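Asker: pasting the sequence and the predicted model now:
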Amino acid sequence: MLKVAPQTDKEAVTIIIATFQRSSALSRVLDSVNSNLRTKHDVKICVVDNNPLPQEKRFVEDFANRAAFPIKYIHEPESGVSNARNAGMTQVDTRFVAFLDDDMKITADWVDGLVDTALDHQTGLVFGPVEAVFPDPDNSKNIYLAPFYDRLLENGKKGEIQTTFGAGGCLVDLSTCQIPNPPFDPYLNESGGEDDIFFDHLRKTGTKIGYAPRAIAYEIVPEKRVRSRFIMKRNFGYGQGPTRIHAARGRNGLPGVIRHMAVGLAQIAVYGSLFLGLRLVRHPASIKFLALTAQGFGKVFWMDGFRPKLYGASQININNRRSQSSQQRIGVSKQPSKPLSQEA
């Protein structure tokens, strides 16, 4: 179990921000916290640089000198989204820990909204609304892509809920939750889904889940993440999540595995047909059904051999191959660096 230091302030919060080779994004999220956040709570920030070399160390330390909140820099060279988050968790000595992705921005009430919901409703895991900001605001596909990036509830009411979202934008009360050791499964470093397994563990061990409508955050979606190839890959991974959660329960999870695989087959048949039809007439809604079809395939092909590699060594290998190809064209030979980092 994760050990939390004795509390001196029951409402202290550590914000963990994991990053990999996205200096401009890291600058933006730190500016957002520093400039926008207005809170009655004791807040500190932990930046985890999941890069082979401590690329962001000087920037973070310089930023800390002028920041409104204490900032600690951590270098975690071992690749993977789980490793990065686990490294941040080892630094937490506060009751609450919140997670921000480096492609996010927050509003003034983000921390207070999350903490107030946790305290008012005794919810150990709290989510707030996350709204997508697309690179081209006038693109007709945005309305169909938004549900895959937004994390919103229809009624939007504060209180206990039964669903979970992604780790970015959430808060965990370490004083009430049974945290596994390590918190995030390193086996899922490259594929993601480590937060789904973590949240499932919290749910199974009695943690209540809350929703904080005041805790609004934004996800800044880059251009490459609105392309069809990325949409397919990402949603295939999302589709695997529910089936893999039940598979991890062993025999007790078998009915859930069968149920989700059956749902996946139905999604492939229905959504796949709609995608093909809309694609033929070039309707922008086709991107929605492409994503849903990919989720269906993920539910069916949830096994390890089909896991997409969205983070970690795979991305470094891609970068190395590109670098080698470029060097070969200009007659330069260079040994590729060891694959050690994630694409956060």
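Answerer: Yep, that arrived.
Asker: ok now stretch 209-216, how far from the chain's centre?
Answerer: Relative to its chain's centre, stretch 209-216 lies at 17 Å (Cα atoms, centre = their mean, to the nearest Å).
Asker: what about that stretch, start to end distance?
Answerer: Terminal residues of stretch 209-216 are spaced 17 Å apart (Cα to Cα, to the nearest Å).
Asker: and for stretch 36-54?
Answerer: Counting by Cα to Cα, the terminal residues of stretch 36-54 are separated by 27 Å.
Asker: just checking, P183 touches F198?
Answerer: Yes: counting by Cβ atoms under 8 Å, P183 touches F198, with 6.0 Å between them. Backbone N, C-alpha and C define where each C-beta goes, glycine included.
Asker: run a quick neighbour tally on Y73.
Answerer: By other Cβ atoms under 10 Å, the residues close to Y73 number 18.
Asker: same question, E76
Answerer: 23.
Asker: use 627 as the first number from now on
Answerer: Right, with 627 as the first residue, what we last looked at is E702.
Asker: not counting its neighbours along the chain, what's nearest it?
Answerer: Among residues not flanking E702 along the chain, A713 sits closest, at 3.8 Å (Cβ to Cβ, 6 or more residues apart in numbering).
Asker: what sits against the one you found?
Answerer: Residues in contact with A713, defined by Cβ atoms under 8 Å, 6 or more residues apart in numbering, are 674, 676, 700, 702.
Asker: where is the longest helix in this protein?
Answerer: helix 880-906 (DSSP state H).
Asker: just give me how far it sits from the chain centre.
Answerer: Taking Cα atoms, centre = their mean, one finds helix 880-906 lying 25 Å from the centre of the chain it belongs to.
Asker: mind listing the helices for the stretch 677-826 of the chain?
Answerer: Using DSSP state H, counting those that start in this stretch, the helices of the stretch 677-826 of the chain run over 683-690, 707-715, 736-747, 768-775, 820-830.
Asker: next SSE downstream of the longest helix of the chain?
Answerer: Downstream of helix 880-906, the next assigned helix or strand under DSSP states H and E is helix 912-926.
Asker: who does that following helix touch, helix- and strand-wise?
Answerer: helix 768-775, helix 854-873, helix 880-906 (3 or more Cβ pairs under 8 Å, 6 or more residues apart in numbering; DSSP states H and E).
Asker: nearest to E845, out of the ones you listed?
Answerer: Proximity to E845, assessed across the helices and strands packed on helix 912-926 by Cβ to Cβ, is greatest for helix 768-775 (5.6 Å).
Asker: can I get the closest one as PDB, trimmed to CA atoms?
Answerer: Extracted as PDB, the C-alpha positions of helix 768-775 are listed here (Å, rounded to 0.1, in the frame of the first residue of the first chain):
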ATOM      1  CA  ASN A 768     -15.500  18.700 -34.200                       C
ATOM      2  CA  ILE A 769     -19.100  18.200 -33.100                       C
ATOM      3  CA  TYR A 770     -18.700  14.500 -33.700                       C
ATOM      4  CA  LEU A 771     -15.200  14.200 -32.200                       C
ATOM      5  CA  ALA A 772     -16.000  16.100 -29.000                       C
ATOM      6  CA  PRO A 773     -17.700  13.200 -27.200                       C
ATOM      7  CA  PHE A 774     -14.500  11.200 -27.500                       C
ATOM      8  CA  TYR A 775     -12.500  14.000 -25.800                       C
END
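Asker: sorry, back to before: buried set for the longest helix of the chain?
Answerer: Neighbour-count burial for helix 880-906, counted by 16 or more other Cβ atoms under 10 Å, picks out 883, 886-887, 889-890, 893-894, 897-898, 900-901, 904.
Asker: could you give the angle of that helix to helix 768-775?
Answerer: If you take axes from the mean of the first three to the mean of the last three Cα atoms, to 10 degrees, helix 880-906 sits at 160 degrees to helix 768-775.
Asker: now do helix 880-906, average pLDDT.
Answerer: What helix 880-906 shows for mean pLDDT is 97.
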